[in-house]
Each structure stands twice: as structure tokens, then as C-alpha cells.
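[1] Fold the following for me, if possible:
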Amino acid sequence: MAGTVRGSGAGARARAGGEADVGGAGSGANLLALRSHNTALVLDLLRRAGAAGISRLELAERTGLTPQAVSKITARLRDRGLAAEAGRRASTGGKPRTVLRLVPEAGRAVGVHVERDEVRAVLVDLDGTVTGERRRPLDLGAAAGAVVAAVAEQTEALVAEAFGTGPREAGAASLLGAGVALPGPLDHESGVLHRVTGFPGWDGFPLRDALERRLGVPVVVDKDTNAAALGLAVAGEGRGGSFAYLHLGTGLGAGLVVGGSVHRGARTGAGEFGHQVIQLDGPPCACGDRGCVEALCLAAVARGDTAEAARVLGAGAANLVGLLDIDLVLLGGRTVAADPEAFEAGVGAVVAARVRRNGLPEGAVPVRRAPTGARGVAEGAAQLLLAPLFGRGDG
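    Residues are numbered from 1 along each chain as shown. Model (predicted):
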């Protein structure tokens with residue numbers, strides 16, 4: 001499962017640490033340095049085993065590592081507080097085997113979803129469980145300094161509730177950092193925003209660097225749709241295959257997972273789904289073009305025509321199915337959540353028609369609601385820090 005780690009800023013610099021000595025007094029930075037292939041394999045199996053745990057012998061069998069290598073890795077993980085004994089299990093011969101489990105509270109990350117009108121922050125442990133949440137209204141069109149302050153204040157308050165201190169001090173304990181997801185386009189690797197649709201004043205703003213200076217911990221910035229797609233992939237959606245997550249809220253975008261990994265493209269700009277033109281000389285879009293899926297879809301929503309909004313969204317989804325031959329379409333976002341059955345049925349009907357024309361069997365490309373709910377983007381944003389610990393290189 002391990003892959004090439006892509007990222008930026010302090011998070012990427014820490015991720016480049018490779019096989020680090022993680023014994024003794026640890027820190028959030030040392031956790032980031034754990035991101036090596038073999039350690040990731042072991043951590044992922046510990047996570048998947050849950051509270052029941054897994055033995056060292058099973059770890060060796062499933063990873064292909066030698067028992068000696070597994071013992072060395074698990075000893076380091078136990079010294080760091082990431083693994084603990086979960087009891088003993090009868091063996092087929094000899095003494096009972098000690099089983100180990102992941103310690104979820106040994107590492108945590110903040111995930112922040114910045115919408116055009118709201119900011120939501122969650123604190124997530126190594127097991128993916130949300131242990132804290134905050135949200136407040138936000139005007140993305142306000143001055144950059146005001147928006148950065150609002151995001152930082154929500155993060156600081158969330159960390160203070162959990163750690164009794166600020167992010168910088170918590171980073172010296174077990175806080176890995178913060179993942180921030182917001183509308184694109186943006187450069188994931190540098191953490192610099194581009195011309196966010198409807199908010200051109202953000203073009204060129206170094207959001208990652210500004211937040212790292214304020215918070216004193218690693219920050220990773222990505223598009224909201226990519227973060228949500230990562231969270232879904234980590235949770236097992238698509239089973240290592242390909243799917244598209246379509247997010248319809250105050251805007252429209254897509255997160256693409258190909259071969260089990262988030263596909264960002266050569267310039268990390270993939271997934272600008274809402275700005276594909278499907279009606280030449282159609283109504284103007286905030287992006288500056290005309291006849292975009294987003295403009296048509298949001299206009300239908302504004303006049304209360306959910307069926308037409310779903311049909312338009314379905315046309316865009318069918319284009320993706322035809323272009324990328326994806327296996328699954330997942331729908332999310334607050335607008336979908338307001339009438340999920342209508343969107344599921346409407347988008348599903350258009351995609352099914354395309355699938356039939358392509359000669360595929362009925363149901364070959366299912367369309368359904370994403371299971372993550374309102375905080376799915378924020379949880380996915382936390383996985384930008386957490387997922388590479390477990391061998392997911394698309395964090």
C-alpha cells in the first residue's frame with residue numbers, strides 16, 4: 001500500500017525523514033518521520049486489526065517482512081506509544097502469542113473545511129475517529145488576514161480543548177499538524193491558492209505558509225473535493241479501484257481516485273469538474289466562461305428545480321464515466337444532502353443511460369451518496385496528515 005508521498009511545506013519535509021529512530025521521548029514531528037514503507041505496512045495492519053489486535057507472526061506473514069524486522073519495528077512503535085499489547089492468543093504450538101493493537105490517541109491531526117460561508121474544524125485520531133469539532137460562519141471574500149485568523153482561531157480552540165495548550169506545544173506531544181481543504185483551483189504542493197471561483201482576490205496567496213507561521217505545526221492545503229475523496233478511499237470506498245466524488249454545495253467540484261490514489265494531475269489541478277462547458281454560449285459562470293456544469297446546476301437549484309439540477313449533474317458525471325472509465329460515482333455536499341434521493345436517482349439515470357450505450361451491463365457504474373455526511377471534507381482534510389503514516393502516499 002505504500003506509495004510515493006506527495007506534499008509540501010513542513011509536512012513534506014518531515015515526511016521525507018524515512019526510517020527514523022522513534023524510540024524515547026516522541027513528538028508530532030517524530031510521528032511524521034515514521035512515514036517509511038515497512039513501518040507504514042505494520043501500522044496499517046495494526047489499524048485494520050482494531051481492538052482485537054494482531055500478532056507479530058501475522059504481521060510478518062502479511063507484510064512479507066522477516067520476524068526480526070517486525071520485532072524491531074513493533075518495539076519502536078511500542079516505545080513511541082503507538083502500539084500496545086492487546087492480550088494473548090492461543091497458538092497451534094508453543095506458548096500463546098502476544099497480540100498488539102494500535103493506540104489511536106497516540107497521534108492526532110486537525111482537519112479544516114473552509115467553505116465560502118463557513119469553516120468547520122475537526123480533531124481526528126489515528127483510527128480516523130473524530131474526537132472534537134468546531135464550526136462558525138465565514139466570509140471567504142473577506143480580507144486574507146481575516147480568513148487566516150478565523151481558520152487559525154478555530155484550530156487553536158479545538159487543540160486547546162483536547163490538549164490544554166496551543167498547536168505549537170501540542171505538536172511537541174502528538175499533534176501531527178493541520179490539513180486545510182477549500183475550493184480550488186490551488187497548488188497542493190506549494191499550498192498557494194489560484195483564482196478561487198468567485199473570489200479572484202485569493203490568486204497567488206500562500207495559505208499554507210501563512211497558517212504554518214501562525215500555528216507552528218505542519219500544514220497541508222488541498223481542494224475540498226480531493227480531501228473528501230482521500231477520506232473515502234482511506235475508509236475503503238472503491239476498494240482500490242477508481243471512483244469520482246462529486247461535491248455540490250456552494251460550488252461544484254470533483255475528487256478523482258484512480259487506482260486507489262487521489263489523482264491531482266501534473267500541476268495538482270485535476271478535478272475542476274464544475275467548469276466543463278456543456279452548453280455553448282450558455283449562461284455566464286463565475287469562472288468567466290459560459291455554460292459550465294456548475295452555473296447550470298446551481299441555477300436550477302436556485303429556482304427549486306432539483307430534477308433539472310440532478311440531470312445536469314448527471315450529464316457531467318456521465319462525461320467522467322465515459323472519459324475515465326471509473327467504477328463508481330459518489331455524491332456529497334450540502335445541496336445533495338438537502339434532497340439526496342432526488343440527486344441519487346437523477347444522476348443515476350443519466351449515468352445508467354451512458355453505461356447502456358457503452359454496452360456495459362446494468363449497474364456497472366453505481367451512483368450513490370457518499371457515507372461521510374456533513375463533515376466528510378473536514379475528516380478527509382485530517383487524513384492529509386494521517387494517511388501517509390499508513391502507507392497512503394496521496395496525503
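[2] Surely T306 touches A300?
    Yes: the criterion here is C-beta atoms under 8 Å, and T306 meets it with A300 at 7.5 Å. No exception for glycine: its C-beta is placed from N, CA and C like everyone else's.
[3] residue ranges for the helices of the stretch 1-150 of the chain, please.
    Ranges of helices in the stretch 1-150 of the chain, per DSSP state H, counting those that start in this stretch, are 9-15, 28-33, 37-49, 56-63, 67-80, 144-163.
[4] Buried deepest among those helices, which one?
    Neighbour counts (mean count of other C-beta atoms under 10 Å) averaged over each of these peak at helix 28-33, with a mean of 23.
[5] tell me the mean pLDDT for that helix?
    When pLDDT is averaged along helix 28-33, the result is 59.
[6] ok, now stretch 144-159?
    For stretch 144-159, mean pLDDT rounds to 96.
[7] Name the surrounding residues that touch that stretch.
    110, 112, 114, 119, 121-123, 132-136, 138-140, 165-167, 170, 175, 178, 180, 201-202, 205, 207, 210-211, 214-215 (C-beta atoms under 8 Å, 6 or more residues apart in numbering).
[8] I'd like to know which of these are part of strands.
    110, 112, 114, 119, 121-123, 132-136, 175, 178, 180 (DSSP state E).
[9] and those, which are buried?
    110, 112, 114, 119, 121-123, 132-135, 175, 178, 180 (16 or more other C-beta atoms under 10 Å).
[10] Could I get those in JSON lines, plus columns for pLDDT and distance to A160?
    Formatted as JSON lines, these follow (pLDDT from 0 to 100; distance: C-beta to C-beta, whole Å):
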{"residue": "V110", "pLDDT": "98", "distance to A160": "12"}
{"residue": "V112", "pLDDT": "98", "distance to A160": "15"}
{"residue": "V114", "pLDDT": "96", "distance to A160": "20"}
{"residue": "V119", "pLDDT": "96", "distance to A160": "16"}
{"residue": "A121", "pLDDT": "98", "distance to A160": "12"}
{"residue": "V122", "pLDDT": "98", "distance to A160": "15"}
{"residue": "L123", "pLDDT": "98", "distance to A160": "11"}
{"residue": "G132", "pLDDT": "96", "distance to A160": "10"}
{"residue": "E133", "pLDDT": "97", "distance to A160": "14"}
{"residue": "R134", "pLDDT": "97", "distance to A160": "10"}
{"residue": "R135", "pLDDT": "95", "distance to A160": "16"}
{"residue": "L175", "pLDDT": "95", "distance to A160": "11"}
{"residue": "A178", "pLDDT": "97", "distance to A160": "14"}
{"residue": "V180", "pLDDT": "98", "distance to A160": "18"}
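[11] From those residues, pick the one nearest E85.
    L175 (25.3 Å; C-beta to C-beta).
[12] hey, where'd the helices end up in the stretch 251-395 of the chain?
    Along the stretch 251-395 of the chain, the stretches classed as helices by DSSP H, counting those that start in this stretch are 293-302, 306-324, 334-338, 340-357, 376-386.
[13] Which strands and helices lie in contact with the third one?
    Contact partners of helix 334-338 among helices and strands, from 3 or more C-beta pairs under 8 Å, 6 or more residues apart in numbering; DSSP states H and E: none.
[14] Can I get stretch 353-367 as CSV, trimmed to CA atoms?
    The C-alpha coordinates for stretch 353-367 follow below in CSV (Å, rounded to 0.1, in the frame of the first residue of the first chain):
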residue,chain,number,x,y,z
ALA,A,353,-28.1,5.6,-19.9
ARG,A,354,-24.5,6.3,-20.8
VAL,A,355,-23.4,2.9,-19.4
ARG,A,356,-26.0,1.1,-21.5
ARG,A,357,-24.9,3.0,-24.7
ASN,A,358,-21.3,1.8,-23.9
GLY,A,359,-22.6,-1.8,-24.0
LEU,A,360,-21.9,-2.4,-20.3
PRO,A,361,-24.3,-4.3,-18.0
GLU,A,362,-26.9,-2.6,-15.9
GLY,A,363,-25.5,-1.3,-12.7
ALA,A,364,-21.9,-1.4,-13.9
VAL,A,365,-21.2,2.1,-12.6
PRO,A,366,-23.3,2.6,-9.4
VAL,A,367,-24.3,6.1,-8.3
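[15] returning to that earlier point: hey, which of the helices of the stretch 251-395 of the chain is tucked in deepest?
    Burial of these is given as mean neighbour count (mean count of other C-beta under 10 Å); helix 376-386 ranks first at a mean of 31.
[16] what's the angle between that helix and helix 37-49?
    Interaxial angle, helix 376-386 versus helix 37-49 (axes from the mean of the first three to the mean of the last three C-alpha atoms, to 10 degrees): 140 degrees.
[17] Identify the residues contacting the residue nearest to L328 when sequence neighbours are not counted.
    In this structure, L328 finds its nearest non-sequential neighbour in F243, 3.9 Å apart by C-beta to C-beta, 6 or more residues apart in numbering. By C-beta under 8 Å, 6+ apart, F243 lies in contact with 229, 232, 237, 256-257, 326-330.
[18] Recalculate using a threshold of 6 Å.
    Counting by C-beta atoms under 6 Å, 6 or more residues apart in numbering, F243 touches 257, 326-328.
[19] now do V350
    So V350 contacts 314-315, 318 (C-beta under 6 Å, 6+ apart).
[20] So for it, what's the nearest residue that isn't a sequence neighbour?
    G314 (2.8 Å).
[21] Only the C-alpha atoms, please, for stretch 378-385, written as PDB.
    What follows is stretch 378-385, C-alpha atoms only, in PDB (Å, rounded to 0.1, in the frame of the first residue of the first chain):
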ATOM      1  CA  ALA A 378     -13.000  18.100   7.200                       C
ATOM      2  CA  GLU A 379     -12.300  14.500   8.100                       C
ATOM      3  CA  GLY A 380     -10.600  14.000   4.700                       C
ATOM      4  CA  ALA A 381      -8.500  17.100   5.400                       C
ATOM      5  CA  ALA A 382      -7.200  15.500   8.600                       C
ATOM      6  CA  GLN A 383      -6.200  12.400   6.500                       C
ATOM      7  CA  LEU A 384      -3.900  14.600   4.500                       C
ATOM      8  CA  LEU A 385      -1.600  14.300   7.600                       C
END
